[in-house]
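Undergrad: heads up, no residue letters with this:
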């Protein structure tokens, strides 16, 4: 599974990164997390799972993230 966080060093990006890492540690299988710094975009951070936009400008709740990870798991 490929996870990308664009705007990973913004305040919300750091919160999102911590949530993703916490949840990823509980999910079985290989997960690659890419942290991309980008301050030129509006509505940061962006969360992509397997190249699909999951959220922008917000930090989803843990249960929401877990649901996306389980429903979109691909090696």
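TA: Nice, thanks for sending it over. Quantities reported herein were computed from a predicted structural model and do not represent experimental measurements.
Undergrad: So which residues make contact with the one helix or strand residue 12 maps to?
TA: Assignment of secondary structure by DSSP states H and E places residue 12 within helix 11-24. Contacts of helix 11-24 from elsewhere in the structure, counted by C-beta atoms under 8 Å, 6 or more residues apart in numbering, are 3, 5, 7-8, 31, 33, 35, 44-45, 47, 57-60, 62, 65-66, 69. The way it works is simple: take the backbone N, C-alpha and C, and place the C-beta from them, glycine included.
Undergrad: how close does residue 23 sit to residue 47?
TA: Taking C-beta to C-beta, to the nearest Å as the criterion, residue 23 is separated from residue 47 by 12 Å.
Undergrad: Compare those two and say which one has the larger neighbour count.
TA: residue 47 (24 against 18; other C-beta atoms under 10 Å).
Undergrad: Hmm, that one is touching residue 55, no?
TA: Yes: at 4.6 Å, residue 47 counts as touching residue 55 under the criterion of C-beta atoms under 8 Å.
Undergrad: Which parts of the protein are strands?
TA: Under the criterion DSSP state E, the chain contains strands at 2-6, 32-36, 46-49, 52-56.
Undergrad: Tabulate those in JSON lines, adding columns for distance to residue 13.
TA: Formatted as JSON lines, the strands of the chain follow (distance: least, C-beta to C-beta, whole Å):
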{"stretch": "strand 2-6", "distance to residue 13": "6"}
{"stretch": "strand 32-36", "distance to residue 13": "8"}
{"stretch": "strand 46-49", "distance to residue 13": "9"}
{"stretch": "strand 52-56", "distance to residue 13": "11"}
